[in-house]
Structure formats: C-alpha cells, structure tokens
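attaching a predicted model along with its sequence, questions to come.
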There are 4 protein chains.
Amino acid sequence: MAESAKGTKKSSLRFGAGLWMFGQFIDRYATNAYGPQVSVLEAIERAGEVGELDALDINFPFDEGVSTDDVAAALQRANLRAHAITPIIYDRTFTRGSFTHPDPDVRKRAIALSKDAIPVARQLGAKYVKFWPGQDGFDYPFQVNYADLWGLAVNGVAEVARSAPDVQFAIEYKVKEPRTHLFWSNAATTLLAIEATGLDNIGIVMDLGHSLFAKEAPAAALNLVHSRSRLTSIELNDNWREWDDDLAVGSVHLLETIEFLIEVRRIGWTDVLLLDQFPFREDPVRAARSSIRTLRRLDAVIDKMDLDALRAAQQRQYALEAQEIVMSALLGE
Amino acid sequence: MAESAKGTKKSSLRFGAGLWMFGQFIDRYATNAYGPQVSVLEAIERAGEVGELDALDINFPFDEGVSTDDVAAALQRANLRAHAITPIIYDRTFTRGSFTHPDPDVRKRAIALSKDAIPVARQLGAKYVKFWPGQDGFDYPFQVNYADLWGLAVNGVAEVARSAPDVQFAIEYKVKEPRTHLFWSNAATTLLAIEATGLDNIGIVMDLGHSLFAKEAPAAALNLVHSRSRLTSIELNDNWREWDDDLAVGSVHLLETIEFLIEVRRIGWTDVLLLDQFPFREDPVRAARSSIRTLRRLDAVIDKMDLDALRAAQQRQYALEAQEIVMSALLGE
Amino acid sequence: MAESAKGTKKSSLRFGAGLWMFGQFIDRYATNAYGPQVSVLEAIERAGEVGELDALDINFPFDEGVSTDDVAAALQRANLRAHAITPIIYDRTFTRGSFTHPDPDVRKRAIALSKDAIPVARQLGAKYVKFWPGQDGFDYPFQVNYADLWGLAVNGVAEVARSAPDVQFAIEYKVKEPRTHLFWSNAATTLLAIEATGLDNIGIVMDLGHSLFAKEAPAAALNLVHSRSRLTSIELNDNWREWDDDLAVGSVHLLETIEFLIEVRRIGWTDVLLLDQFPFREDPVRAARSSIRTLRRLDAVIDKMDLDALRAAQQRQYALEAQEIVMSALLGE
Amino acid sequence: MAESAKGTKKSSLRFGAGLWMFGQFIDRYATNAYGPQVSVLEAIERAGEVGELDALDINFPFDEGVSTDDVAAALQRANLRAHAITPIIYDRTFTRGSFTHPDPDVRKRAIALSKDAIPVARQLGAKYVKFWPGQDGFDYPFQVNYADLWGLAVNGVAEVARSAPDVQFAIEYKVKEPRTHLFWSNAATTLLAIEATGLDNIGIVMDLGHSLFAKEAPAAALNLVHSRSRLTSIELNDNWREWDDDLAVGSVHLLETIEFLIEVRRIGWTDVLLLDQFPFREDPVRAARSSIRTLRRLDAVIDKMDLDALRAAQQRQYALEAQEIVMSALLGE
C-alpha cells in the first residue's frame, strides 16, 4: 500500500450523488413500487433541491424521448454537473449477465451499450463511465466454470476501455445482489482482474457500503486501491453489513465511517464524495441532507482529533489508545 | 419440545407451491422485470404444468377483474386446490408497515384486507390465511420503540384471528427483507408473540429457507414449533444463509435439508410440502420439477437410512457416527 | 413488551466486571497463554486497581487451596463485592456438555457443582448464581435429537433452581462458542425455555455483545426480557457481530450501544453494569477504565439528548428524524 | 484464470494431515484442555494409526528435548513423511503480531524462527515451509495504519523467502481468529501481496474451510490461485461459514466440497490432500478416517458424474441443469 498521511490537513468536503437516489424505488414485494414514477429530469430537479450537491452519477440510457441535451439543460437548471455516466447493463436484457452472459450476442449488446455511454459522458463532461456489472456472477453451486467467468468479465470491460483510451472507466464492486454472487466482489479481486487487462484507464469506485458488505475494513480497502493508482471515485452510505441496504451515511457504522473519512484525508482526496442511498421509505432530499450534515459534523470531529497522536498509537498498534483519541474528539472530555 | 420418532415410517411426499413462483419477478435493478407480465390465471396454468403439485398458496387480492370464481375455475382446470390465501399487506400501501404502520388508518387497512381474505379462503377451501407482514419492522437504529412495535404487531394479527375463530391463520417469519429487520424474525420470537395473543388459531409457516436465513438449525425450529402445537404449514427452498434467495430445494444446504426432512417424518407430517422459490433466471416449471425430483430422491435416501441407529447415535450425541450413518445412506458403501 | 420511558431521567452509572477479565487468557493457538498465570486473589486485586468497579462476577470453584473466606477477604481489601457466582460447568469435565451431556453421571456433576455454588453465593452476598452452559449444544448436523436436547437443558437448570427457591439464578445466552451451536442461543429461545420450567427464580443475563452476536437489536432484546420480568443482570462489551470478541464497550457498535443505554434508562435499571471483556492483547485495568470512560461519556451524550423528541420520532417511526436527534446530541450542532 | 478440464480423469486420492489434529486441544473456556497432553512423537504415532495418511504438516519447534532426528524416526515408524513444516509464529511471543509486530525485535524473532524451520524442512524432506501468521492483523477500528501493516506483512515473508530461493514457502490465509481481522484474509488479497514481493517461491495453501469462512466460492478461489501458479498445497475440512470450526470434511457443505473436488481434478492436482481438523470432542483417528471415507465416496460420485455434460451446462450457465447432473450422480436416478 501507499505511504500515508500526506498532510492530513483540514478538508473541505464537496458532495455528489447517484441520481437513482431521487427516482422511484421498487422491489420484489412492493411490485407497484414505493412511490410514483419519477422522470430523469424530475430526479435531477429533486437532486438540485438538496442544495449541497455539486455532481451526479447518471444512469444511461435516459427515459425514452429524453436527449443528452435535455439532461444537460436540466443539470444546468439544477446547478449540477455530471460526474459519471452509468450504462444500465443490469436490466431485463441482461438478467443472466452482461459482459459474462453465456450468449455472445448479449455480451455484444452490453459492450455496445457501454460504448454508447462514452460520447454521452464526453458531452456532459463526466469524469468517468461507471461499470456496475451487477448481473455478472452466479446464483448456484456448479452453475459456472469460474475460469470462463473470469475471462468473460475481464475481456468485457477491457474491450470497452480499450476503445477509448482517453476516457476513464471505473468498476463498482459488490459482493452480491442481484445475483447471489457477483464476479466483481471485493477490492482485492477487482484489482487483480483490472490489472489483468493491462489497461491504465480502468479504476475502481470505492463504495463504503459495499466495502462494509464485503466484510472489508473500508479504510484498508480504500488505501489499497489508492496505492495501486486505481481510485477513481468514492461513494458513501451505510448498511447492516449483510446486505447493500443503502442507508444514510454513518447511521449504523459510525466509527468505521470516521476511520474511512480519516483515510480519505490521508490519501489527499479532494474530489466530491458521492451519496449512494436508496431511501425506500424516506424523503430523498431529506435523506441526502441528513447524510451531508452527518458528514460535515464528522469532518469537524476529525478536525478536532489529534491525528499525529492517532498515527503514533497506530504505529504501536495500541488499540485502546487509538480508540481513546477518537472517543475524545467524538464524545468530548 | 415434543417427543420424537413417532413411527418415522416411510412417507409419501405431496407437494404444493406459492403461486408467486410462477409469476413475474422484479427487483430494484431490473425495474423492467425479469420477464413479461403473468396474470394470476396464467400463473395457475403454469403451476398445473408442473404435474406434481396438489395445492397453491395464492396472493390476494387477485388481478383487477379476476373474481374468486375465476380463480376457482382456473384451479380446477389445472387440477390444483388452494392451500392458503396470503393477503398482500406488503405493497405500496404498506411500505412503512402493515399491522405496525405508525398511522392507525393504514393499520386498519391491513386488518381489513386480511379480513377480506377470510371469505376467499373459505370459498376456495384453503387450509389457512397466511400473514406475511414483511413491512413490519424497522430499518435504522433508533427508528422504533421496540415495546410499541411488539404491541402493534401482536395486536394486529390478534384482531384478525379473533374475528374468525374457526379459521386457521399462520405467520411466516423472516429475519429481514424488505425491511432491514422484520418483527416476526425467527421461530422463538414468533412463538412468544403468538402465545401472547392467547389465541389458538394462529400458527406458523415453517419456511426452511427462512430458518436457514435466521441461522437456526431448521430441524430444531421445526420440532420446537410442532411441540408448541403451532405448526400450520411447511415451505421449502434454499439460500446462501445470508439472504432469502429462494433457490431450488437442497441446492446449497443439502445435508440440513435432509435433516429437516427426517424431522418432518418424525413429527408425523402428512400434509403437502410447499415450494417457495423465486426462479428469477430459470424456467419456473422446471425449477419446481427440479426441486420435487430432489425431494423424492432425498426421501428415498432417508428410506435407506438406518434411522434407529441414527437415533441411538444422537442419544450419545456422537457426531461422527451420526454423520457416517447419513453418509452411508447418501453416498453408498 | 413493557411500556417504556419510565422517567428516563439522568442515571448515575455504577459498574462491575467479570473477574475473568483480569485473569490469564489462552486460546487454541497461543496454547502457552497470552501472559503469565494469575491467581483468583491477584485477579481481584487487579480489579480493585480499576478504581471504578463495585462488584464482580466470580467463577467457582476458586483456585485450589483458596477458600471462600480468602475470596471474601480479597474482595474487602479491593473494596469490591461479589455480584454473581458462576460455576465452571464448561471445562474439561464438561466438554461434551454440562446439563445436556449424554452421560447422566456428568449431568449430575454439573448439577452438583451448580448447587455447590449456592452457599458460596450466599456467603459472599452475591445477587445471583449464573449459568453459562457454553458446552450445551452441538457441533454437527445430525449430532443431536433437538427435542432431547431441549429437555435436558431445561431440566438441568430447573433442578438446580428448584433446590433453592430463595436464590436468584440467571442464564447467559450466546449463539455459539465453544460449540458451533449453543442451546441457550438468543433472548427469545431462552425466555421460552425458562418459562417452560415454571420457576420464578431463573432470569437472564443480557450481555450486549452476545445480543449483537445473535444479530438481535440489543435494545429490543433488553426490553423483551425486562417485559417478561426475567432481567437479572446486564453485561457490556462489543464485537464484530460474528464472534464473541469481548472488546471494549462501544468500540465497534457505538450507535447500538447508545440505543441500548437509552433502553437501560427507560426500563429504570439502577443496578451495576458489568464489563465482560477479554483483553487478550491489552492491559485489563486500562481496558476496563477505557470502557467505563466511554460509558460515562455516552451517558452524558444521552443526558444532552432530547429524549421526548426521540420518543415522538419513534412513534412516527421516522428514522431520519430519530437519527438526527441522536447525531445532534453526539456530534454537536 | 487458467484454462480448465485437463483430462478430468479419475483421480486416485492420497491424504495427509496437520499434525495438530492428533494433539491436545485447548480454548479459552476449557483452560484445562479437552484432554491430556500429547507429545509430538505420540501425535505422530496416532497419525500413523489412521492407516491412510501419507504425510504430515508438522509444527516447529518440536517439544523440548525432541530433535529433528527423533521426529524423523517417529515418522518412519509410523510410515509417514513430512509434507510441510510450520513455524509457531503465533504463540505467546507473538500474540501482538509476528511479521507485523509493532516491535522490530519481535519481528526479527518471527523471521529468525521461520528461517530456523528451513533446515528442518530440508532434513525431513518437506515440500514447503508454511507461514500461518495468525497474529498478524488487528482487533479494533483505528488500531493500525493499514499501509504500514501491508508493508510489514509483505516484507516479513519476503525476507524469509528471499533467504532460501530453492525452498518453497506457502501462506495459509484466513479471515480471522485469533485476531478479529487477519492480514492474509482471502485468496485475492494474498495473491496481490505475494505478487508484491516479486518472489517465485511463495505460494498459497488453499484451505477449503478458510475459503468457505472467507465467503469465497472455494472452487473459484482454487482456480484463481492455480491460474496464478501459486498453488502449493490443499487442506480440507468444513465449518459453518462463520468461524474456522475445523469439522470433518463434507459434514456441512457437502455440495461445495464436491464442487471443490471437481476443480481439484480439473487443475490436474495429484499431490496429497491434507486434513486440517480440530476434533475437540471426537477421537482424532476416527475423525480422520471419517473424512477420508467421505472423500473417497465423493471421489466415486464424481467418477459417476457426466463431467462433460456438467461442463456444457456451465458454459450455458444453466444452474438447474448443472445441479441435476450433480444430483443424479449423488442421489441416483
């Protein structure tokens, strides 16, 4: 991993969000959805209401009849910019896989759709095209040949990324859902597979919740990805560590969120932090504001923290002392 | 718990299924669904195609414009009968709760809808009305007052059950999904809460997959529920123990499925075993047949097993011997 | 469950600890132990050094040659009192079970040893005799007959408790370790089994870490046990939710610890809170002080919290609002 | 990953075991151990009694007063050979770490002890020196600087391996225990870290149970490690997937054990399979024989399996068909 603590000075956090957070939610039980339909343009408007967001990760294709120009105009009205474009390679067409689909024709469609996202990303000035190959994996023991799965997964993203060397791509890993096992499951596997492509323009979206879900130490995973020069983006949320619950930031794993934010400082991250929440039963604007408020407060806690003393305690690996330094900043004397 | 091994003689298995298994699946990613829409009458027809099903658990209300008579006729055509009626108290109306919804008006609607299912169950000759209060619970730390939640959950089912003392009701517990925490989470909690109603006509649907998901020993949970005279129904499927994956029976936890089936014999169960699967990416008719074939084969394995020797090994709690008896029947000499 | 919020006034916390926390630790890898031997009298002396402990849970039998009078004297010197006596029904004699051992002679020894603890508890003025039947359970599928296991487990504790109706007993549940499955696994199962004895003098030790480990909402479990009038004692520690790591209080699950402490107030608990830690690699005196300091700080956070507003948010089950109230008290404005 | 199915012809399994399996067990509760002491020479004799073992993984240093010649003689008497030597870098000296210990002096001792194992491995003709750095990791959030931990872990094994380029070394990863988090946690992380050393003589011990514990698909992990040319050894056992229970092979996850054994064939493995069990409450000789009997039976099941049809089903990723092929071989028609 990389050396650490470059400055560790006070950061001034900036935020973005996944646009899906402001859309309609559905699941296998509430098949009539958790609320009414929300168009992509309405969702952008809602995102703008948060008032503290700079940038969005936007799914592509957009709603039927909505052009990239329409999206650009909506973003401008909402005082937002596109941060990432995420091709929808996980809906009905791709339920049995996108890049790893057993049928080569469907694989081609996944690659084609991903390539179609590139000019959109360029036009909207997005930083990267995100791969979220959530249907690539398996459900049952014996279902796949794991060597084949590896090959298909790696080749698919490589083919897209190779076609546009000037564009940044990024993979968001997750351990499961909607398959019982996803191929891009954790930070280390994703690094191995990305490095196998030999390409420089594929990075990783470090999603704090996905890292918790993968039973990683998220700060360690962040450091590892950064040390390999593969850190493209950071997404934040929380969960109960056994599912991708996409809850408000810090609402369950407050201490690990703080540890993650300290590492975000240590590596010198200055780009936006993206919220990735699914507020099924909450108002999404409030849900976003609530997370941002928590993040600003945690940032202030870290400002108060004696990070040099923490570093020293960590060098001695002395858990109680490290914890006491954190608790003092968090809970007061 | 009850004494055991009443006869433990060869059983002749009969099967049913949850009708949802033959319908359309959707989740939060494939928002355009895993396949085309399937009407309730088409789903019944598909269930009939399996050829080895006797009975169905049917969601209520039916599709708009479909009457109970229509359903009855479709069942007859498919050579099936209604085994249970499950009111849909978990869709958009109830996303923040059914019996435990914070708004008393919504609670009343959940109770009313559940009561509406009673005459339908009577007309179709169903054995029980099933409660699946999947939206009753919470998502976040601090979200609910747990004592209040208990009261609302218990009172809701009690009010419905008290209104029809001649009708059997049954609760299907699950540890989570679609909430991060469901109130009716495991066998022991469900027994405590049911017994708190003081009513005799509320039982439990023992879902093998939900029991695995709750990290129970499913055979122990089955025995416990039976010993308390609360066993109303048995549902079968499999999962990876961290989510309700609703996979084909025995496909992951083969040994615990065998142990469960032995306990099914021991308690003298002669009613149908219901399949509860979500074959998102598989043909549902084949998925049902596959599970049934596995179950018949496992039943034959149990026939070959020296159950007296197993009982004796268990009395000595000698794990290796018990395992060897099972392996001999399963894998041959 | 019980109604709540009786007063919810400021509490003045008092503390105790399990004496084992100040002893020698060993595990299956460091078979030569994590440090030198510590006699029971030395351990009491160490506990006294913490300076903020009132009471101890003490394992019985004591070291060879140490009398109850010796222990009483050591306690007096250390300004401590006995809070509980815990018979050692989980060492070599009982590795295949204590109350549920397949051999009736060993079961008798477990019962006899437990009864032997009663006069010791009386002499030392302990509040209760604790059962920790950590070897009662099973390791393998097919190993036990679950109905038999239930009977043995319930009868064992009942026989001891029936022999001394004036003495309080308490069971500490845990989901596993040292067996892969313990019989007394979670709050609901333990309540069912205790109530099956028909005895009033058997309660529950609510161990926060064991509740987290059982994937319970600890505040809900506490409320449930209290509402059934079975709450005898409370133990505190933390873990990673997949093992009984016995870490310092609040070091991982800070928010759930706060939620638990709020519930401790709501039920009107005024007795000591016992630390149950295994500081394998830390100084135990510092480990205890660190936990106590965290607890006092969390208590001060709760003092600052608008508990009426929290109660109101919970009645509406509004997660974001409830979280914001907590975050305001914890993190400041 | 590697291409697959090289032949997939009938294998003739050979077995070994970790010598610890025949020794004395202890844990933090039964501090007086699960049985009497067993010397290393007695343990070798017991291993010989199994009658079907060829080779042993032997901990080093041996008991005081036991020379390498003594061990060699005991092996010869028992008709066994040394397969691996595992330096004990996880006992009292190293409880706060071996290669990652905060104190450079202790790190040096870990390196020195590991180097001392090399001539022993040479003298006994062992295939490899095994690193099991089970104390390298952390217990608490904030305890370590993850970049530092990475550096220490990698440098430690590299220094040992670099000192003897003609000797094979192998790391056995595990996700936790005795620390709450081990550094060498899963296959992908271990591969990344090994490759960072730039050395060819460090491989991986694929422990089936550790792979299950890490929530990997063990067959996938095996294939990945093999495809990177880092597969040095294979160990077998089973567990409940949430702890390293070290149970008899196939006793819980029978299907995944079969899938793993199929992959063992596919990669053309012909070396011994090592048992790694902790039969705390069972006779170790019987425990070993039981596992070997299961393995031979599973091997016969795989012989009956239509592996070409399975391969074809996997190419179409058709879960039900793949499962049916396995079930037919396993359960008969």
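Perfect, I can see it now.

use CA for all of it now, contacts and neighbours both
Noted.

and chain A, which residues reach chain D?
A:1-4, A:102-103, A:138-148, A:150-151, A:188-189, A:192, A:219-220, A:223-224, A:255-256, A:259, A:311, A:313-320, A:322-323 (Cα under 8 Å from any Cα of the partner chain).

any of the residues you listed buried? List them.
Among the residues of chain A next to chain D, the ones that count as buried by 16 or more other Cα atoms under 10 Å in any protein chain shown are A:1-2, A:4, A:102, A:138-148, A:150-151, A:188-189, A:219-220, A:223-224, A:255-256, A:259, A:311, A:313-320, A:322-323.

so what's the closest residue to A:Phe183 other than its chain neighbours up against?
In space, and not counting its chain neighbours, A:Phe183 is closest to A:Gly137: 4.6 Å by Cα to Cα, 6 or more residues apart in numbering or on different chains. The contact partners of A:Gly137, by Cα atoms under 8 Å, 6 or more residues apart in numbering or on different chains, come to A:97, A:100, A:149, A:179-183.

swap in A:Ile302?
A:258, A:262, A:329.

one step back: what's opposite the residue nearest to A:Phe183 in the beta bridge?
Counting by DSSP bridges, A:Gly137 is bridged to A:Leu182.

again, but for A:Gly18
Under the criterion used (DSSP bridges), A:Gly18 bridges to A:Asp57.

ok, back up a step: narrow the contacts of A:Ile302 to those in helices?
Judged by DSSP state H, these include A:258, A:262, A:329 as members of helices.

how deep is the last one tucked in, by neighbour count?
Spelled out, it's A:Ala329. Counted with other Cα atoms under 10 Å in any protein chain shown, the neighbours of A:Ala329 add up to 18.

any idea how far chain B is from the nearest residue to it once chain neighbours are set aside?
The spatial neighbour of A:Ala329 that comes closest, neighbours along the chain excluded (Cα to Cα, 6+ apart), is A:Met305 at 5.1 Å. According to Cα to the nearest Cα, to the nearest Å, A:Met305 and chain B sit 26 Å apart.

A:Met305: neighbour count?
Neighbour count of A:Met305, defined by other Cα under 10 Å: 18.

count of residues packed around A:Gly198?
Neighbour count of A:Gly198, defined by other Cα under 10 Å: 11.

do you know how far it is from A:Glu159?
Separation of A:Gly198 from A:Glu159 (Cα to Cα, to the nearest Å) stands at 11 Å.

likewise A:Ala313?
Taking Cα to Cα, one finds A:Ala313 at 46 Å from A:Glu159.

which ones are touching the residue nearest to A:Ala329?
Taking Cα under 8 Å, 6+ apart, we find A:Met305 in contact with A:325-326, A:328-329.

apply 7 Å and report the result again.
Neighbouring residues of A:Met305 by Cα atoms under 7 Å, 6 or more residues apart in numbering or on different chains: A:325-326, A:329.

A:Glu321 too?
A:Ala313.

phi, psi for it please.
Per-residue torsions, A:Glu321: phi -70, psi -40 (degrees, to the nearest 10).

next: A:Ala220.
phi -70, psi -40.

give the buried residues for the helix or strand where A:Thr294 lies.
A:Thr294 belongs to helix A:284-304 when assigned by DSSP states H and E. Buried residues in helix A:284-304, defined by neighbour count with 16+ other Cα under 10 Å: A:284-285, A:287-295, A:297-303.

tell me where the stretch 201-333 of chain A has strands.
A:202-207, A:231-236, A:273-275 (DSSP state E, counting those that start in this stretch).

among those strands, which comes closest to C:Ala33?
Of all the strands of the stretch 201-333 of chain A, it is strand A:202-207 that lies closest to C:Ala33, at 39.6 Å by Cα to Cα.

that closest one pairs with which strands, and in what direction?
Applying DSSP bridges, strand A:202-207 is found paired with strand A:169-172 (parallel), strand A:231-236 (parallel).

tell me the most buried of the ones you listed?
strand A:169-172 (a mean of 25; mean count of other Cα atoms under 10 Å in any protein chain shown).

quick one: average pLDDT of it?
For strand A:169-172, mean pLDDT is 98.

run the chain-centre distance for it.
9 Å (Cα atoms, centre = their mean, to the nearest Å).

and stretch A:74-86, by the same measure?
17 Å.

can you check stretch A:167-181 too?
For stretch A:167-181, the distance to the chain centre is 9 Å (Cα atoms, centre = their mean).

tell me the helices and strands packed up against the helix or strand A:Arg122 falls within.
If you go by DSSP H and E, A:Arg122 is part of helix A:104-124. In this structure, helix A:104-124 packs against strand A:81-87, helix A:146-162, with contacts taken as 3 or more Cα pairs under 7 Å, 6 or more residues apart in numbering or on different chains; DSSP states H and E.

what's in contact with that helix?
Outside helix A:104-124, the residues that reach it (Cα under 7 Å, 6+ apart) are A:60, A:68, A:72, A:82, A:84-85, A:87, A:89, A:98-101, A:129, A:156, A:160.

direction included, what does the helix or strand just after it pair up with?
Using DSSP H and E, the helix or strand that follows helix A:104-124 in sequence is strand A:128-131. For strand A:128-131, the paired strands and their directions (DSSP bridges) are strand A:81-87 (parallel), strand A:169-172 (parallel).

now the ones you listed as a markdown table including distance to C:Asp276?
Below are these laid out as a markdown table (distance: least, Cα to Cα, whole Å):
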| stretch | distance to C:Asp276 |
| --- | --- |
| strand A:81-87 | 48 |
| strand A:169-172 | 40 |
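
show me what from the stretch 201-333 of chain A comes close to chain B.
Contact residues, the stretch 201-333 of chain A versus chain B (Cα under 7 Å from any Cα of the partner chain): A:242, A:252, A:281.

nearest to chain D, of those?
The nearest member of those to chain D, counting by Cα to the nearest Cα, is A:Glu242 at 11.7 Å.

tell me the phi and psi of that closest one?
phi -130, psi 10.

excluding sequence neighbours, find me the nearest residue to it.
With Cα to Cα, 6+ apart as the criterion, A:Glu242 has its nearest non-adjacent residue at 5.6 Å, and that residue is A:Phe213.

pretty sure the one you found sits against A:Arg241.
Yes. When contacts are counted by Cα atoms under 7 Å, A:Phe213 is listed as touching A:Arg241 (4.4 Å).

which of those two has more residues huddled nearby?
Applying other Cα under 10 Å to A:Phe213 and A:Arg241 shows that A:Phe213 carries more neighbours, namely 24 against 18.

from chain D, how far off is the more buried one?
Taking Cα to the nearest Cα, one finds A:Phe213 at 11 Å from chain D.

stretch A:165-182: end-to-end distance?
26 Å.

now do the buried residues in that stretch.
A:167-182.

equivalent analysis for stretch A:191-202, please.
Per 16+ other Cα under 10 Å, stretch A:191-202 contains these buried residues: A:191, A:193-195, A:197, A:200-202.

how about stretch A:117-132?
Result for stretch A:117-132 [16+ other Cα under 10 Å]: buried residues A:117-118, A:120-122, A:124, A:126-132.

one more: stretch A:39-55?
Buried residues in stretch A:39-55, counted by 16+ other Cα under 10 Å: A:39-41, A:43-50, A:52-55.

A:Thr197 and A:Ala158 touch, don't they?
Yes. Under the criterion of Cα under 7 Å, A:Thr197 makes contact with A:Ala158 at 5.9 Å.

joint contacts of those two?
Common neighbours of A:Thr197 and A:Ala158 (Cα under 7 Å, 6+ apart) do not exist.

where does A:Glu333 land on pLDDT?
Looking at A:Glu333, its pLDDT reads 70.

ugh, typo on my part, it should be A:Pro87
You'll see A:Pro87 listed with a pLDDT of 98.

so who does it touch?
A:Pro87 makes contacts with A:59-61, A:113-114, A:117, as judged by Cα under 7 Å, 6+ apart.

show me which of those is closest to C:Arg230.
For the contacts of A:Pro87, the nearest to C:Arg230 is A:Asn59 (53.1 Å; Cα to Cα).

many thanks, have a good one.
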